[in-house]
Structure formats: structure tokens, C-alpha cells
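J.: got a structure for you, letters missing:
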């Protein structure tokens, strides 16, 4: 078996040990006589799977008992509408626009009420997290239902390293590409959500963690589809309809793998070591340059480029020849992007760094040592 060094932004690399475990259980789960893909979601065997997945996630993240955990479908994108439909009770929310998905979330929220841009970094092509003073003032002065951020911006390689002080205003965060990559204080948020396909499993599951007092007896918008009503999903245990049973099973495997490999503290240490290796190389390079400002750099998505599109294309092609896959930047941003999620090993990052060093030696005088 030959596996590439996979830097895909999502669907992303999964731990090989988890893939092997899933492979072994694929024809028959336990002594059930069937695959998880064949099970009724109402069966006792599957109920144990989803309950274990939630319990493991609660342990790993330290989720308090007054937060509900939902396993939903529709991708993180569906929550761009689900959040305002459920939470915008006074008709006003604030958004920090720091990238492509943050902008889409704001545009979608504006369909349901007064969605205000409180801060943005679009004027510098989303290369930073903007100052948050206006966000904190708005939480005091504007009677907002919530403040929305995209905590890690996959396309542009930026990340919030300090959260806005929202006071009593609930903070809502799309954490898709930094989910489970480091510890977070769940109680700082009213709601967090993540598409599973970065760090938590296979594509097709969205995890929503929402504080119980934010879920009313009915959603904020009377036209909210029944499926998207958080209260109904919470009361039904994420089983209002048939959930993504196999996807949730995979998530449970990933949650347990994180727990068994040291939890989120150890995961953050490994992720920072990978990121530091690449950022140190970029900071000392004569050919490559990072595209995110240093104080806003992501530990999940490292974005960089050479002086020309032609050299970028040559680097990407050479990487593919060396088994280094999926480093082409998003079409909106160009350049290169290395998504170094939890399952991407330090060995893979070193392989990428070695090719960067080799490529620079081919195009610049002298060769740096890594």
C-alpha cells in the first residue's frame, strides 16, 4: 500500500489506524451480523454507537451538561441559514468577515434580519484577523442576538488567537478547520459548529454544540424548516430523520483516537510543531512567502506562494511527483496551501519542507539547511 502525503483542505487525511479499524469492522460490526451501513438508526446497536460518540466528544472537549451536541447533515454551509433562523430573535446580529466562508455566512444571515459587519479584513485580501474593538462596542451598544466569527479561515490561512469579549452577547463560531486541533473553552461560546471533514471524520456530518438556553420552544424565524429547528433535533437526539449513520460512526472513532493519543493538549502540541516547521522555513526563505500576517497565522492551514504563478505551478507539479498531494491553493487565493490537520503526520510535513528547500535551491543561489 502506498499512501501520499495528503494536505487536502477537506475532505482531509484520516488516521491510518482508524481507517484500518473501520476496514476490519466494515463487513460486520461487533457480533451484529451486519455492517454499520446496514443498521437501522433506531436499533439498540446503533443507539450505543451514537451515544458513545457524543459521550467521547464531551469528555475530549469538556462540554458542559447545559450544552446540546447535535450531529446534523447539510454541511457547515446549511448552518449559515440555520443559525439566524434559530437565534436571531431580536432581528440583529453582528459578523466579523475574515474570509470567504465568513462572508457567505454574513450574506446568508442578511436574508433573515439585520446582519451587521462589525469588522472585516477584506480590504487586505483577508490576510489578517482585524481589530475587534468595534465588535466589543457593538455588544454593549447594539443589543445583538449574537456575534458570529469563522475562527479559522481555511482558504486564507488565518486564525483567531484571541476571541472578542462579547459580554452577555452569545458568541457563535464556525470552527470547522480548527475543530479538535486544540483545547477551547466551550463556555466562551453560545454555539460552535464544524463540518466533520477536516479533523473529525468523513464528509457529510456537521457537529453543532449549542447552549441549551439559546434553543427556544420554537425557532426565531417562523419559516425555519422543521429539520433545521435545533430544539427538535436536540429533543430527538439528532434523529428527527435518518442521520448520517456511517459518518457519525466514523466521527466516534476519531473522537476516541484523539482521546487515546493524549487529548487536545497533546494534539495542539503536535499541530504547533508542524506549523512552526513550515512557518520558520517561510520566514527564512528567499523564494517562498507566507500570505497571512504573522500574528494571524493559522495552525491548521499554511498558505504561501512564490513570486510567480508559473513557479507556483512548477512547485505543485514537482510535489505531486514526490507523493505530496493537494497543496494547490484555493482558486480564490491562488498559491499553495498545506492543510496540516490532526491526521497529517510530522513526517508528511517534513517531506513538504524538504521539497520546498530543494525547490528553492534550484531557483536561488545557495541552499538553506532545514
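T.: Done, it's in. Everything quoted here is computed from the prediction, not taken from an experiment. Numbers count the residues shown, from 1 in each chain.
J.: Let me see the ranges of the helices in the stretch 201-350 of the chain.
T.: 230-235, 245-260, 263-283, 309-321, 346-363 (DSSP state H, counting those that start in this stretch).
J.: Out of those helices, which gets nearest to residue 28?
T.: Between residue 28 and the helices of the stretch 201-350 of the chain, the tightest spacing by Cβ to Cβ is seen for helix 245-260, at 13.3 Å. Every C-beta, even on glycine, is put in place using the N, C-alpha and C of the backbone.
J.: host element of residue 106?
T.: helix 100-109 (DSSP states H and E).
J.: now that helix, how far from the chain's geometric center?
T.: Chain-centre distance of helix 100-109: 15 Å, with Cα atoms, centre = their mean, to the nearest Å.
J.: Name the residues of the next helix or strand along the chain from that helix that are buried.
T.: Remark: after helix 100-109, the chain's next helix or strand is strand 114-120, criterion DSSP H and E. The neighbour-count check on strand 114-120 (16 or more other Cβ atoms under 10 Å) flags 115, 116, 118, 119, 120 as buried.
J.: Not counting its neighbours along the chain, what's nearest the first one?
T.: Leaving out its chain neighbours, the residue that sits closest to residue 115 by Cβ to Cβ, 6 or more residues apart in numbering is residue 109, at 3.9 Å.
J.: so who does residue 290 touch?
T.: If a contact means Cβ atoms under 8 Å, 6 or more residues apart in numbering, then residue 290 has 157, 279, 282, 283, 297, 302, 303, 304 as its contacts.
J.: That one bridge partners, please.
T.: Beta-bridge partners recorded for residue 290 (DSSP bridges): residue 304.
J.: and the chain, what are its domains?
T.: Following automatic domain parsing, one gets these domains for the chain: 16-260, 263-363.
J.: mind checking which of the ones you listed is nearest residue 10?
T.: Of the domains of the chain, nearest to residue 10 by Cβ to Cβ is domain 16-260, at 4.3 Å.
J.: For the helix holding residue 106, name the packing helices and strands.
T.: Judged by 3 or more Cβ pairs under 8 Å, 6 or more residues apart in numbering; DSSP states H and E, the packing partners of helix 100-109 are helix 75-87, strand 92-97, strand 114-120, strand 147-150, strand 152-153, strand 171-174.
J.: go with 6 Å
T.: Counting contacts by 3 or more Cβ pairs under 6 Å, 6 or more residues apart in numbering; DSSP states H and E, helix 100-109 is packed against helix 75-87, strand 92-97.
J.: in terms of contact, does residue 36 touch residue 29 like I think?
T.: Yes - using Cβ atoms under 6 Å, residue 36 makes contact with residue 29 at a distance of 4.9 Å.
J.: and the helices and strands packed on helix 100-109 as JSON lines, adding mean pLDDT and distance to residue 132?
T.: Conversion of these to JSON lines gives the following (pLDDT from 0 to 100; distance: least, Cβ to Cβ, whole Å):
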{"stretch": "helix 75-87", "mean pLDDT": "96", "distance to residue 132": "20"}
{"stretch": "strand 92-97", "mean pLDDT": "96", "distance to residue 132": "7"}
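J.: JSON lines for those, including mean neighbour count?
T.: Shown next, in JSON lines, are those (neighbours: other Cβ atoms under 10 Å):
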{"stretch": "helix 75-87", "mean neighbour count": "23"}
{"stretch": "strand 92-97", "mean neighbour count": "24"}
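J.: Mind putting these into TSV with distance to residue 234?
T.: Formatted as TSV, the helices and strands packed on helix 100-109 follow (distance: least, Cβ to Cβ, whole Å):
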stretch	distance to residue 234
helix 75-87	11
strand 92-97	21
